[in-house]
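**Student:** Requesting a structural model of the entry that follows:
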Amino acid sequence: MKNYLTTRNLSLSFGDKKILKDISFDVQKGEFVTLLGPSGCGKSTLLRCIAGLEQPQEGILELDGEEIQNRPTRERDIGFVFQHYALFPTMTVFENVAFGLKARKLEKGTINQRVFRLLDLVQLTEFADTNVQRLSGGQKQRVALARALATEPKILLLDEPLSALDAKIRKQLQKDLRHIQKELNMTMIFVTHDQEEAMLISDRVFVLEAGEIVQASSPFELYTSPENPFVAEFIGNNVSFDWEELNEYTSVFSGMGNRHLYYVRPELIATRETKGAFRIPVKLQSVSTLGNIRRYRFETNRGKEILVDRLNDWHDIPETHFLYIDPEDVIVVDVQRVVNE
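**Tutor:** Modelled structure (predicted):
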């Protein structure tokens, strides 16, 4: 499949501080990619470089077969949705969405047709004549999305557009955004620091750490096969062991030595003996209910915390002195692995 957006060796520094470090990746047409990472990792800066709002000192940006790194923002054919809407406060919903189309001097009939198609897509048709200041936060973000899509950009960039919304509205807009992306076959790059959000809506997730992409994978691969300790510890919950700790309970990994770290997801740890599993002596310390799961906190005789997750309909609190782990469920990560090798 032909690459639609390509970055090669993109680097950006502010003074002596390197923000982006030799970043290279490809995005396919119609793909939904999320840039995920902690605050300050460079994800929003990378998005702004693609949009032309920041200028990297080095690297190539290619969109639909054409180099764009030296083009001004208005000539890149890229849409951008910000966190804080950036709507025109004196205009109606219709006027906001139509603004870019009027600037391009399209015919009135074409403008009306395109605007109402998008308002229908974002479920705001009945608010067409409403001033945007009278809308809720979720509705304003829908207007911002429709406005960005109105000019039919080649790619849409979204910089944490849902982070200011409350949890219920945010979850609904996550579903709606994914539906709109598929309906239009739109190429989108989405920035978030929320890993659950990234895993829910993305075809692929690019995890950034300190200005570098340390892994680019599907959500499932990211969770089940992290390629380095940062990703293993950043994505989801886990219990981590070094070689000495694990060697106390099993000899399965004894030949691998201390250049590896070993991770187990809480939902894969058993409270009853299973065939082939090794056991760890523990004491139950506490039980918490977290929505649809119940979390059990155990401690080993060395004081190491081990979390075990079960669905919330599982009411049998384990009166156990041991936990059981199948060696096949242990994620082995080479701490010396070179990123993007």
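**Student:** now the strands: where do they sit in the stretch 101-250 of the chain?
**Tutor:** Remark: strands assigned in the stretch 101-250 of the chain by DSSP state E, counting those that start in this stretch are 155-159, 187-192, 204-209, 212-217, 239-241.
**Student:** now the ones you listed in CSV, with distance to Ile306 and mean neighbour count?
**Tutor:** Glycine gets a C-beta too; all of them are placed from N, C-alpha and C. Formatted as CSV, the strands of the stretch 101-250 of the chain follow (distance: least, Cβ to Cβ, whole Å; neighbours: other Cβ atoms under 10 Å):
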stretch, distance to Ile306, mean neighbour count
strand 155-159, 38, 23
strand 187-192, 29, 24
strand 204-209, 25, 23
strand 212-217, 25, 21
strand 239-241, 5, 20
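**Student:** right, so of these, which gets closest to Arg8?
**Tutor:** strand 212-217 (12.6 Å; Cβ to Cβ).
**Student:** Any regions of the protein where pLDDT drops low?
**Tutor:** Residue ranges of the chain with pLDDT under 70: 1, 313-318, 337-341.
**Student:** just to revisit the earlier point, can I get the strands of the stretch 101-250 of the chain in CSV with distance to Pro266?
**Tutor:** Shown next, in CSV, are the strands of the stretch 101-250 of the chain (distance: least, Cβ to Cβ, whole Å):
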stretch, distance to Pro266
strand 155-159, 31
strand 187-192, 23
strand 204-209, 20
strand 212-217, 21
strand 239-241, 7
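**Student:** need the contact list for Ile269.
**Tutor:** Val239, Ile306, Val308, Leu323, Tyr324, Ile325 (Cβ atoms under 8 Å, 6 or more residues apart in numbering).
**Student:** Sticking with the spatially closest residue to it that is not a sequence neighbour, tell me its helix or strand.
**Tutor:** Spatially, and ignoring its direct neighbours in sequence, Ile269 is nearest to Val308 (4.8 Å; Cβ to Cβ, 6 or more residues apart in numbering). Using DSSP states H and E, Val308 sits in strand 305-311.
**Student:** Show me what that strand pairs with in its sheet, parallel or antiparallel.
**Tutor:** strand 293-300 (antiparallel) (DSSP bridges).
**Student:** From the chain's centroid, how far away is the partner strand?
**Tutor:** 27 Å (Cα atoms, centre = their mean, to the nearest Å).
**Student:** Pull the residues that contact that strand.
**Tutor:** Looking at strand 293-300 with Cβ under 8 Å, 6+ apart, the contacting residues turn out to be 266-267, 271, 280-289, 305-312, 314, 317-318, 323.
**Student:** which of these are buried?
**Tutor:** Listed as buried from the contacts of strand 293-300 are Pro266, Thr271, Ile280, Val282, Leu284, Ile306, Leu307, Val308, Asp309, Arg310, Pro318, Leu323; burial here means 16 or more other Cβ atoms under 10 Å.
**Student:** what are the pairing partners of the host helix or strand of the third one, and which direction each?
**Tutor:** Secondary structure here is read from DSSP H and E; on that basis Ile280 sits in strand 278-290. Based on DSSP bridges, the strands next to strand 278-290 in the sheet, each with its direction, are strand 293-300 (antiparallel), strand 322-325 (antiparallel).
**Student:** As a markdown table, the ones you listed with distance to Asn185 would be great.
**Tutor:** What follows is these, written out as a markdown table (distance: least, Cβ to Cβ, whole Å):
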| stretch | distance to Asn185 |
| --- | --- |
| strand 293-300 | 35 |
| strand 322-325 | 43 |
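**Student:** Nearest residue to Glu67 in space, please, no chain neighbours.
**Tutor:** Here the residue nearest Glu67, using Cβ to Cβ, 6+ apart, is Ile60, at 6.2 Å.
**Student:** tell me, how many neighbours does the one you found end up with?
**Tutor:** Ile60 is flanked by 15 other residues according to other Cβ atoms under 10 Å.
**Student:** angle of the helix or strand hosting it against strand 155-159?
**Tutor:** Element membership of Ile60, judged by DSSP H and E, is strand 58-63. Relative orientation of strand 58-63 versus strand 155-159 (axes from the mean of the first three to the mean of the last three Cα atoms, to 10 degrees): 120 degrees.
**Student:** how distant is strand 58-63 from the center of its chain?
**Tutor:** Per Cα atoms, centre = their mean, the displacement of strand 58-63 from the mean C-alpha position of its chain is 23 Å.
**Student:** Show me what counts as buried in that strand.
**Tutor:** Residues Gly59, Leu61, Glu62, Leu63 are the ones in strand 58-63 that count as buried (16+ other Cβ under 10 Å).
**Student:** likewise stretch 81-92?
**Tutor:** The neighbour-count check on stretch 81-92 (16+ other Cβ under 10 Å) flags Val81, Gln83, Tyr85, Leu87, Met91, Thr92 as buried.
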